[in-house]
Structures are given as C-alpha cells and as structure tokens.
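Colleague: Give me the fold of what follows.
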Amino acid sequence: MSRKQKILIVVVGILILLALFYWLFLRESFMPQSGTTKTNVNVLALPPVTLPNSTTVSASVPEASEEEKLRSSISRLAAAFAERYGSYSNQGNFENLLDLESLMTGKMWAETENFIKQNKTTTGDNSVYFGVTTKALSVNIGSIDEGAGTAEITVGTQRRESSGSMADNSVIKYEDLELTFLKVNGEWKVDAATWVQQ
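Modeller: Numbers count the residues shown, from 1 in each chain. The predicted structure follows:
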C-alpha cells in the first residue's frame, strides 16, 4: 500500500469520526425541544480539514557522494569490459576485442592489435564451433586514486567453454580478470588485463 493511500485512509477515517461525533452529540442541540417555540443554538466551529498535497509528500533519498558514484561507475565499466573481453568464438573474427578499442588505452590497444594479427594467421579449422561466454559475478575494487588517475579492479567471472553443438559439450570455469585502469582525458580506460584462474 502506497503512502498516498495510507494518508487517504487516515483522512477518510477522521471525517467518519467527525460525522459520528456530530450525529451522537451535536445534533440534539440543533433539533427543536418539545414544548418550546424558541431554541438557542450553540454552533461548534471545527477547523477545516486539509488534505495533504501529493506533490509535497516524498521519500527523502540521500544523494550518493562523488566517491560512491565513481565506485559504482567504474564497477559497471569493469564488469561490462570483462564480459565482452572474455566472450569470443573461433567464428567471431575477434569482434569482442575490436568492440572494446574505445575502452582501452593506446598501450592496451597496441597489445590487443598485435594479439589479433598473430592469431589471425594461426587460426585453424573454423568449421567446428568453439566459443567462450563470460559472465561477471563480482567486482572487487582494490584501489582507486582519482588524483593519480589509476584504479585496480578484479572481476570474478564464470566462463562457459562450448564446442561443437553448444548444448552438448561445455565446460564451466571460474576465473578472475585483473584490470588496471588509467584516466585518459577525463575517461577511465583499461591499461592492462590479466586472467587468473581461481
């Protein structure tokens, strides 16, 4: 039940009590007495009942501090990066890495480009599917130094390796992705990524 509904029920209850009070106690003073022709009437003035304005009733939610906003933002970025970085297939032509270029520093992108060039030439038979799907399970912030523009984040992941028919052959592993972030031109970017088996 919402706060507005509760307030409305209370107001209606008060109005019903006032009506009962009037009916039981005050109506006799307004009714003519038998055997008399003139009646003195005392009127009881009740204060007006004001209903609360729905726009003034609001729950106060404390605003998040700048540090909390930064931690939340960088945690979401780390989780999204880890899921994309760790999900690929032998038929995907390194799209997972190419899509992350804008989230990497120049150094990290140069290393990634080199990795792609080396592995494009050594790629074997693509007719049999092999792929990995990565899901972020947890984010652990090791350190954030906004002044220095550095952060160390570890993302705990679940990685499902599938080959052939995806439903038939799959293996689940749990690995951590250790990420180093640098702030470049006001934006947090990944400068290093290392997989660590749990």
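
Colleague: any idea of the mean pLDDT for whichever strand or helix holds Glu68?
Modeller: Assessed by DSSP states H and E, Glu68 sits inside helix 66-85. Here helix 66-85 scores 92 as its mean pLDDT.

Colleague: List the buried residues for that helix?
Modeller: For helix 66-85, the neighbour count (16 or more other Cβ atoms under 10 Å) marks Leu70, Arg71, Ile74, Ser75, Leu77, Ala78, Ala79, Phe81, Ala82, Glu83, Arg84, Tyr85 as buried. Quick note: C-beta positions are derived from backbone N, CA and C, even for glycine.

Colleague: Now do the contacts for the fourth one.
Modeller: In this case it means Ser75. Listed by Cβ atoms under 8 Å, 6 or more residues apart in numbering, the contact set of Ser75 reads Val139, Ile141, Ile153.

Colleague: run the last query once more with 10 Å
Modeller: For Ser75, the contact set (Cβ atoms under 10 Å, 6 or more residues apart in numbering) comprises Ala136, Ser138, Val139, Asn140, Ile141, Ile144, Ile153, Val155.

Colleague: isn't the second one right up against Gln198?
Modeller: The one in question is Ser138. No: counting by Cβ atoms under 10 Å, Ser138 does not reach Gln198; the two are 11.1 Å apart.
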